[in-house]
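Colleague: build me a model:
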Amino acid sequence: MFPTVREILALDSVRHGLPSVLAGAALLDTPVRWVHVAEVPDIATLLRGGELVLSTGIGLPPSDDALCGFVAALAEVGAAGLVIELGRGRFASSLPRAMISEAARRSLPLIELRRTVRFVRITEAVHALIVDAQLTELRATEEIHQRFTELSVEGAEPSEVVHQAAVLSGCPVVLENLSRQVLAYDPAGERPEPLLDDWEQHSRRLQLPSRTFHAAGWLVTTVGARGQDWGRLLLRWPGPATPPSRLTILLERAASTLALGRLIRRDAEGLERQIHRTLLTALLDHSRPVDEVALRAKALGVPLERRHLIGVVVRFRSAPRDARDPRDPVDPADLADDIAARRRDPAAGNPVAARDVAAGGSTPLRDLAADGPTRLRDLAEAVSAALRDAGIEGLTSAVDDATVGALLALRSPADEDRALLLFAAALHRARGTDPGAVIVAAGTGAPTLREARRSLSEARQVADAARHDRRDVPVFRLPDVGLAGLLHLLRDEPRLQTFVERELGPLLAHDARHPREQLLGTLRAYLDNGRNKSAAAAATHLSRPAFYERLTRIARILNTDLDSVDTCLSLHVALLALTAIRER
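Modeller: I've put the predicted structure just below:
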């Protein structure tokens, strides 16, 4: 960081001149990019901003108006300050009062030196500080690149990337999604409560003029990869001036690491399971030709050609403990699942009892060890065993921290319903698990391997949406999932979050600026009551004139017609999506 005017005034070479600040004392912390000695009145045309100008005043104009113009020109070009030595130039004992007044009006630091000094000593000392600052900045930049390169290679989790950004900057750092929800944060030693209190409202006040910008004490950059943005990284900068370039580089490098980490997948399974996962992944993301997938699957003893293919996903209703970041808030639904499971079987919360059950040769899935990888591995083995017991061929592998995927290969479409029921029964029977402990979801059958990706993706979506569905359904299918469930499973999708921001963003920003008004609730009541204004007014305990006036303001803020069916349908979907996003 460049030295400030205050730091330069503290140098021995400057203190020898008995400096006195006549104007602009509040701006002495302005960084000085360079020191320039000048004795001509039109020096401002040669400056770029950030310079501290030294002068004896010998070449300055005699009239007060001309002196004020000289000061104004320096202020307009962004000079860091003006230092004038008394005695040798035209100013014998003091600077003109008009010049001081103009500097104060222009907020330009004006310093007089009451004793003769050697300007060369000042410029040498200051330029040495500037060079040292540039070298320090360069070393810090190299460390930033090295640290985040290591994190990228290691596939570090977002929480670790955010932590390292906070350590290197010494400032609090927050990672949020497009809906202004905090995904990870590090308060850098400060209390997190003041940092995160009313975060969404505060974040919405930080508008986005560019991908990286500084506003209201925050340095902000967009996070995304492959042309799709999915969040923002924010660093709180307490300094009065613009953050140094080092912090901008740090934040942008951390954002790149986060974007890259989202693309990296790590696996620690056995070789055969890795091949199964590789093939399932290839179907999901088109990373391998379909013919190659079919050939490798056939080599594993799973023929996929000329088969009726069904994507199936099995997941726990509550995520494994190790799959959660310990700083993440606990999902109430997960907590309820855990409590219910322990009430149904005390062994679920007792490691000794769990080992006793395991010794008998049949371990219920809900009684497995608490660590996520072990729990997920046992679920994957249970799915494989269920396929064998049901006499069904297919690929199976864990696809994320709480989910096991399978691609069933049936000989005929007529076998679809029967095969799924046999598989679900075999899964629960194989491990003695309570049917409510896991969710079995299936996609629509696919006649070819090229269409199997759609079936797998559909099954995954159905499983996520059915997570909070307490019905006793052996196998969830797409017709079992409503619009609210569909939006719930898509809540982390950046395109859905972008849709919500496009439809409701201006209204959410308005409510953030006017917390006592909260027009979003008025809009929700209007749509929930089928656009019946009288019923909505009664539901919100408002008089009809007051309710109508609020609707008029909402229409003006959103620039839309609330009497349009299509418009209200779009807003209603956006509200449902916002609810799903805020369930986190």
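Colleague: contacts for stretch 539-555 next, please.
Modeller: By C-beta atoms under 8 Å, 6 or more residues apart in numbering, the residues outside stretch 539-555 that reach it are 507, 519, 521-523, 525-526, 528-529, 533-534, 536-537, 561-562. From N, CA and C alone the C-beta is placed, and that goes for glycine too.
Colleague: can you flag the buried ones in those?
Modeller: For these, a burial check counting by 16 or more other C-beta atoms under 10 Å picks out 507, 519, 522-523, 525-526, 529, 536-537, 562.
Colleague: list the buried residues for stretch 486-498?
Modeller: In stretch 486-498, counting by 16+ other C-beta under 10 Å, buried: 486-493, 496-498.
Colleague: CA atoms only for that stretch, dumped as PDB, please.
Modeller: The C-alpha coordinates for stretch 486-498 follow below in PDB (Å, rounded to 0.1, in the frame of the first residue of the first chain):
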ATOM      1  CA  LEU A 486     -40.200 -29.300  -8.300                       C
ATOM      2  CA  LEU A 487     -39.200 -25.800  -7.300                       C
ATOM      3  CA  HIS A 488     -37.700 -27.100  -4.000                       C
ATOM      4  CA  LEU A 489     -35.400 -29.500  -5.800                       C
ATOM      5  CA  LEU A 490     -34.400 -26.700  -8.200                       C
ATOM      6  CA  ARG A 491     -33.700 -24.100  -5.500                       C
ATOM      7  CA  ASP A 492     -29.900 -24.200  -6.000                       C
ATOM      8  CA  GLU A 493     -30.200 -23.800  -9.800                       C
ATOM      9  CA  PRO A 494     -28.700 -20.400 -10.800                       C
ATOM     10  CA  ARG A 495     -31.300 -20.100 -13.600                       C
ATOM     11  CA  LEU A 496     -34.200 -20.400 -11.100                       C
ATOM     12  CA  GLN A 497     -32.500 -17.900  -8.800                       C
ATOM     13  CA  THR A 498     -32.100 -15.500 -11.700                       C
END
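Colleague: how far does it sit from its chain's centre?
Modeller: Centroid separation between stretch 486-498 and its chain, computed with C-alpha atoms, centre = their mean, to the nearest Å, is 15 Å.
Colleague: what average pLDDT does that stretch get?
Modeller: Stretch 486-498 carries an average pLDDT of 83.
Colleague: stretch 521-530 now?
Modeller: 91.
Colleague: is it correct that Phe476 is in contact with Ala463?
Modeller: Yes - with contact defined as C-beta atoms under 8 Å, Phe476 reaches Ala463; the gap is 6.9 Å.
Colleague: who has more neighbours, the two?
Modeller: Ala463 (27 against 23; other C-beta atoms under 10 Å).
Colleague: can you redo the buried residues of stretch 486-498 as TSV with distance to Pro413?
Modeller: As requested, these are exported to TSV (distance: C-beta to C-beta, whole Å):
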residue	distance to Pro413
Leu486	25
Leu487	30
His488	30
Leu489	26
Leu490	28
Arg491	33
Asp492	33
Glu493	31
Leu496	32
Gln497	37
Thr498	38
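Colleague: which of those residues lies closest to Asp64?
Modeller: Lowest distance from Asp64 to the buried residues of stretch 486-498 (C-beta to C-beta) belongs to Thr498, with 58.5 Å.
Colleague: how much space separates the closest one from Arg471?
Modeller: Distance of Thr498 to Arg471, given as C-beta to C-beta, to the nearest Å: 32 Å.
Colleague: looking at it, His163 is touching Tyr185, isn't it?
Modeller: No - the pair His163 / Tyr185 is not scored as a contact, 9.3 Å apart, by C-beta under 8 Å.
Colleague: neighbour count winner among the two?
Modeller: Taking neighbours as other C-beta under 10 Å, His163 and Tyr185 compare with Tyr185 leading, 21 against 18.
Colleague: which residues sit against the strand or helix carrying the more buried one?
Modeller: According to DSSP states H and E, Tyr185 maps onto strand 182-186. The contact list for strand 182-186 (C-beta under 8 Å, 6+ apart) reads 158-159, 161-163, 165-167, 172-177, 192, 195-196, 199, 231, 325, 327.
Colleague: cutoff 7 Å now
Modeller: Applying C-beta atoms under 7 Å, 6 or more residues apart in numbering, the external contacts of strand 182-186 come out as 158-159, 162-163, 166, 172-177, 192, 195-196, 199, 231.
Colleague: list the strands paired with it, with their directions.
Modeller: Next to strand 182-186 in the sheet, as set by DSSP bridges, lie strand 173-177 (antiparallel).
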